[in-house]
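# no sequence on hand, only this structure:
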């Protein structure tokens with residue numbers, strides 16, 4: 001299975017668990033604040049804010065938390081200043097990793113992220129060392145049980161999707177340009193097709209096959225990065241065969 005699709009699946013399951021513990025609130029509040037600062041406090045004209053607010057609803061975040069985060073972003077309330085940084089590096093098995101962060105202290109963030117890389121058998125690289133391997137795309141994941149492939153293909157392509165993949169046993173992967181993402185997602189919503197996940201993401205041009213030993217280390221490294229409060233998104237180019245992934249998930 002491709003690196004994006006199954007890491008998205010792992011994150012989706014993890015988010016549902018973490019949401020119950022309140023662990024995701026910090027990251028969502030930061031994203032809402034930054035989105036409001038960059039694009040204004042009206043979700044109707046700010047797709048990034050709209051997505052962050054949707055994540056908040058999915059995590060059962062109280063409306064007051066969302067409102068305060070928006071007001072901090074627009075300057076109506078005082079708040080911490082965050083900046084966005086991307087770290088690039090290498091993981092076990094020769095894989096590439098892009099780590100998007102939001103932080104109020106870039107020196108602390110760099111030190112802690114570097115330590116996680118090194119502890120997990122990877123290493124941080126210089127800016128640009130792996131970014132060239134990825135392209136920004138919209139990715140919408142839909143369960144195969146929710147719709148017939150031909151119907152989905154007709155709807156998505158008509159709305160402006162670039163490609164639909166059905167190699168995975170359980171889900172379809174719909175890919176779009178960043179510009180067409182909202183239109184395609186809206187078309188699916190209009191037809192009551194619920195997405196397992198929907199995001200603007202970074203997709204690797206080519207994938208690196210990973211064996212069981214490296215796969216176990218890599219997933220542990222990515223899980224450690226994901227658990228860090230400053231980390232917003234992680235992208236990789238790994239490809240772990242389904243039979244190995246099944247073993248690792250049971251371990």
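Looks like it came in fine. In this text the structure is predicted, and so the values were computed from the model without any measurement.
# from residue 37, how far off is the most far-flung residue of the chain relative to its centre?
The outermost residue of the chain relative to its centre, with distances by C-alpha atoms, centre = their mean, is residue 76 at 28.8 Å. Per C-beta to C-beta, to the nearest Å, residue 76 is found 11 Å from residue 37. Heads up, the C-betas are built off the backbone N, CA and C, glycines and all.
# and after the helix or strand that residue 26 is a member of, which helix or strand comes next?
According to DSSP states H and E, residue 26 maps onto helix 25-39. As assigned by DSSP H and E, the chain's next helix or strand after helix 25-39 is helix 47-58.
# got the domain ranges for the protein?
With domains defined by automatic domain parsing, the chain comprises 15-74, 83-132+206-250, 133-204.
# per-stretch mean pLDDT over those domains, give me the minimum one.
Looking over these, mean pLDDT reaches its minimum on domain 15-74, with a mean of 86.
# wait, residue 155 touches residue 188, no?
Yes. When contacts are counted by C-beta atoms under 8 Å, residue 155 is listed as touching residue 188 (6.9 Å).
# neighbour count for those two, which is higher?
Shown here are residue 155 and residue 188; by other C-beta atoms under 10 Å, residue 188 has more neighbours (22 against 19).
# count of neighbours near the closest residue to that one other than its chain neighbours?
By the measure of C-beta to C-beta, 6 or more residues apart in numbering, the closest residue to residue 188 outside its immediate chain neighbours is residue 195, 6.3 Å from it. Counted with other C-beta under 10 Å, the neighbours of residue 195 add up to 19.
# show me where this protein has helices.
Listed in chain order, the helices found in the chain under DSSP state H are 3-21, 25-39, 47-58, 63-74, 106-119, 149-159, 181-190, 212-227, 242-250.
# out of these, flag the one nearest residue 95.
The closest of these to residue 95 is helix 212-227. By C-beta to C-beta, the value is 6.0 Å.
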